[in-house]
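Engineer: With the input below, show me the fold.
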Amino acid sequence: MEDKELVFLCLASGSSGNCFYLSDGETKILIDVGLSQSQIKKALKERGLNFGGFKGILITHDHADHIKGVGNLANDNAIPVYATEEVHKGMKKSYCMTREINNHLIRRLEKGELMRLGEFEIHSFEVPHDGTDNVGYFIQHNGVNFCIITDIGHITQEVSDHISMANYLVLEANYDKSMLDMGPYPAYLKARIASPTGHLSNEDCGKALSEFATPRLKHVWLCHLSEENNHPELARKTVETILRSVGIVPGKDFQLDVLRRKVPSSIYFLK
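Structural biologist: Purely as a prediction, here's the structure:
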């Protein structure tokens, strides 16, 4: 198929790699490149989408699973890479990037400032996590509000404000508290994950949605699930239970899906 409408696709979401695709048929962008070029090409081809013609890559933060493929992809295809000054500095220092981004492709963005790519109006905002710097993206397109918040330690006022404005929302549900507590991770890693600059639990994700979702919200995707400390159906069930406790019914009030770690999602049309 050719993507002539506003479409969203998750190529992968998890600690092994993250990459998200957004296109209106004229302007194509990627958010994070934690996959290889070959993986991205394969995933797009399997969904009937053409590789190439990307207008930009947006980076959320400089952890390996979000940036390890960005140098090769950007340089080989002349794609500008947008990130904050601190994230660009972090990428330059990162051991996991086999190629640095060519200087002429580096684009620096400021949190809170509007940036345009084609018909996309892109706002970045502060997200608490333990990377060098971390942002979420709120992307507006002809009246449609798309928001992605991955790798977040806790919900801030700024984050809740963007959740409340979203029609389509990608939000982290990284771990189940009991699985993390009882699991094999060393104590320091458990503490890091559960810290205010770590990751968001299923329960905290559900609470955030129960408190800040509005009737304008049409679809939520749970992202960045831990392989060791979570399970897709557990994440869904936990979030659904919390939502139903406040009278919100997934499937009726808005759609709820879980993004897989290594399996590309379906193509979603955002209207």
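Engineer: what sits against Gly69?
Structural biologist: By Cβ atoms under 8 Å, 6 or more residues apart in numbering, Gly69 lies in contact with 17, 19, 33-37, 39-40. (C-beta placed from N, C-alpha, C; glycine too.)
Engineer: From those residues, which land in helices?
Structural biologist: Mapping the contacts of Gly69 onto helices (DSSP state H) picks out 37, 39-40.
Engineer: Show the buried residues in these.
Structural biologist: Buried members of those, scored by 16 or more other Cβ atoms under 10 Å, are 39-40.
Engineer: any chance of the ones in helices among the contacts of Gly69 in a markdown table, plus pLDDT and distance to Ser195?
Structural biologist: Rendered in a markdown table, the data for the ones in helices among the contacts of Gly69 read as follows (pLDDT from 0 to 100; distance: Cβ to Cβ, whole Å):
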| residue | pLDDT | distance to Ser195 |
| --- | --- | --- |
| Gln37 | 96 | 34 |
| Gln39 | 97 | 31 |
| Ile40 | 97 | 32 |
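Engineer: and of the ones in helices among the contacts of Gly69, the nearest to Leu270?
Structural biologist: Each of the ones in helices among the contacts of Gly69 was scored against Leu270 by Cβ to Cβ, and Ile40 proved nearest at 20.4 Å.
Engineer: now the closest one: how far from Glu240?
Structural biologist: 31 Å (Cβ to Cβ, to the nearest Å).
Engineer: Point out where the chain drops to low pLDDT.
Structural biologist: Where the chain drops to pLDDT under 70, the residues are 1-4.
Engineer: Which neighbouring elements make contact with the lengthiest helix in the chain?
Structural biologist: Counting by DSSP H, the longest helix found in the chain is helix 232-245. With contacts defined as 3 or more Cβ pairs under 8 Å, 6 or more residues apart in numbering; DSSP states H and E, the packing partners of helix 232-245 are helix 202-212, strand 219-223, strand 255-258.
Engineer: which one of those lies closest to Val7?
Structural biologist: Among these, strand 219-223 sits nearest to Val7 (Cβ to Cβ), with 12.5 Å.
Engineer: Parallel or antiparallel, which strands does that closest one pair with?
Structural biologist: For strand 219-223, sheet partners with direction are given as strand 168-172 (parallel), strand 255-258 (parallel), following DSSP bridges.
Engineer: so how far is it off the chain centroid?
Structural biologist: Relative to its chain's centre, strand 219-223 lies at 10 Å (Cα atoms, centre = their mean, to the nearest Å).
Engineer: what's the answer for stretch 262-271, then?
Structural biologist: With Cα atoms, centre = their mean as the basis, stretch 262-271 stands 13 Å off its chain's centre.
Engineer: Over to stretch 12-23?
Structural biologist: 7 Å.
Engineer: Repeat that for stretch 244-264.
Structural biologist: Here the centre of stretch 244-264 is set off from its chain's centre by 16 Å, with Cα atoms, centre = their mean.
Engineer: sorry, back to before: mind listing what's buried in the longest helix of the chain?
Structural biologist: Neighbour counts over helix 232-245 (16+ other Cβ under 10 Å) mark 234-236, 238-240, 242-243 as buried.
Engineer: Could you export the residues you listed to TSV, including columns for distance to Tyr185?
Structural biologist: Output for the buried residues of helix 232-245, formatted as TSV (distance: Cβ to Cβ, whole Å):
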residue	distance to Tyr185
Leu234	17
Ala235	18
Arg236	23
Thr238	19
Val239	23
Glu240	26
Ile242	24
Leu243	28
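Engineer: now, which of those residues sits nearest Lys177?
Structural biologist: Among the buried residues of helix 232-245, and counting by Cβ to Cβ, the member closest to Lys177 is Thr238, at 9.5 Å.
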